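Student: structure, please.
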Amino acid sequence: MSPFLRRFFYFFNKYFMVPLFRLGMGPFFGNPFTGYIMVLKLMGRKTGRIRYTPVNYAFRNGNVYCISGAGKSSDWYHNLLANPAIEVILPTQAISGHVEEVTDLIERHLVIRPILKNAGFAGFLEGYNPYTISDDELVRKTSGLPVLRIRPNGIGNGPSDPGGWVWMWIPIVIVLIILILVAMIG
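Tutor: Residues are numbered from 1 along each chain as shown. Next comes the predicted model:
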C-alpha cells in the first residue's frame, strides 16, 4: 500500500471509523463494498493507554480472525504481542478475548481469503482480486501479513456500556431539535 493511502487510512480510521463504532454506529457501516469492520481495543505497550484500531475480520470455528495489513511493523500488532488480552467492538456486540498469531499454515490458508473478501474495496488495494487470485499466488502475496486469531473468553465493553459513547446521541439530538425550532421560528 502506498504511503499516501496508509496515511489516509490512519486519519480516516482514527477520526471517523473509531468514533462511529464508539457511538454505536458500527452496524450501519458493514457491507460488501466498504467491508466488514471491527474495532480492536488494546493496551499500548509503551504508554499503557487504551488504543483503538479498526480492522477487517472473518469468523471461523467460534474465533475471530484479522490481518495486520501493514505487516509486522504495525504498532497495534506490537501492542498485541506485548499484551494479548483484548476487547473487540464488533458491529453488534463486544467481546473480550486472547490474541495469538496463527502459525499453522492450513488454518492461515482457510481464513486469509475470507478476511480479504470481507475487506470490501480495501481488499483490492494490494493489486489483486481476493475472489479470483489463485491459492498459490495468495499465499505468496500475503506471506508477510500476520494473521491473528482472537479466542473469545467473555463479554467486552461496547458502545452502550460505561466508557462507550452512545450517550452522546442524547445531547446531539437535543441541540439539533433546538436548532431546527429556532430556524422555524426565526
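Student: could you check how far the closest residue to Gly26 other than its chain neighbours is from Asn31?
Tutor: Distances taken as C-beta to C-beta, 6 or more residues apart in numbering put Pro91 closest to Gly26, at 3.9 Å, once the chain neighbours are dropped. Placement of C-beta: from N, CA and C, glycine included. With distances taken as C-beta to C-beta, to the nearest Å, Pro91 is found 11 Å from Asn31.
Student: likewise Asn153?
Tutor: Counting by C-beta to C-beta, the gap from Asn153 to Asn31 is 29 Å.
Student: just Gly163 next, same as before
Tutor: The separation that Gly163 has from Asn31, given C-beta to C-beta, amounts to 27 Å.
Student: check Ile50 too.
Tutor: For Ile50 relative to Asn31 (C-beta to C-beta), the value is 28 Å.
Student: what of Ala119?
Tutor: 12 Å.
Student: and Phe8, how far from Asn118?
Tutor: 20 Å.
Student: more neighbours, these two?
Tutor: It is Asn118, of Phe8 and Asn118, that has more neighbours when counted by other C-beta atoms under 10 Å, with 22 against 12.
Student: count the neighbours of the closest residue to the more buried one other than its chain neighbours for me.
Tutor: With sequence-adjacent residues excluded and distances taken as C-beta to C-beta, 6+ apart, Asn118 is closest to Tyr36, at 4.4 Å. Applying other C-beta under 10 Å, we find 21 residues neighbouring Tyr36.
Student: quick one, helices of the chain?
Tutor: 3-12, 18-22, 75-82, 105-117, 135-141, 169-185 (DSSP state H).
Student: need the contact partners of the second one.
Tutor: Where contact means C-beta atoms under 8 Å, 6 or more residues apart in numbering, the residues beyond helix 18-22 that reach it are 26, 28-29, 37, 39, 52-54, 89, 91, 159, 164-165.
Student: only the buried residues of that helix, if you could.
Tutor: By 16 or more other C-beta atoms under 10 Å, the buried positions in helix 18-22 come out as 18, 20-22.
Student: how far off centre is the least confident helix or strand in the chain by mean pLDDT?
Tutor: When each helix and strand of the chain is scored by mean pLDDT, DSSP states H and E, helix 3-12 comes last, with a mean of 84. Centroid displacement of helix 3-12 relative to its chain, using C-alpha atoms, centre = their mean, to the nearest Å, is 15 Å.
Student: same question, stretch 100-107
Tutor: Taking mean C-alpha positions (C-alpha atoms, centre = their mean), stretch 100-107 and its chain are 20 Å apart.
Student: only alpha carbons, please: show that stretch as CSV.
Tutor: C-alpha atoms of stretch 100-107 as CSV (Å, rounded to 0.1, in the frame of the first residue of the first chain):
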residue,chain,number,x,y,z
GLU,A,100,-2.4,-15.1,19.2
GLU,A,101,-0.7,-15.2,15.8
VAL,A,102,-1.7,-18.0,13.5
THR,A,103,1.3,-20.1,12.7
ASP,A,104,-0.5,-23.2,11.3
LEU,A,105,-0.3,-22.9,7.5
ILE,A,106,-3.6,-24.7,6.9
GLU,A,107,-5.5,-22.6,9.4
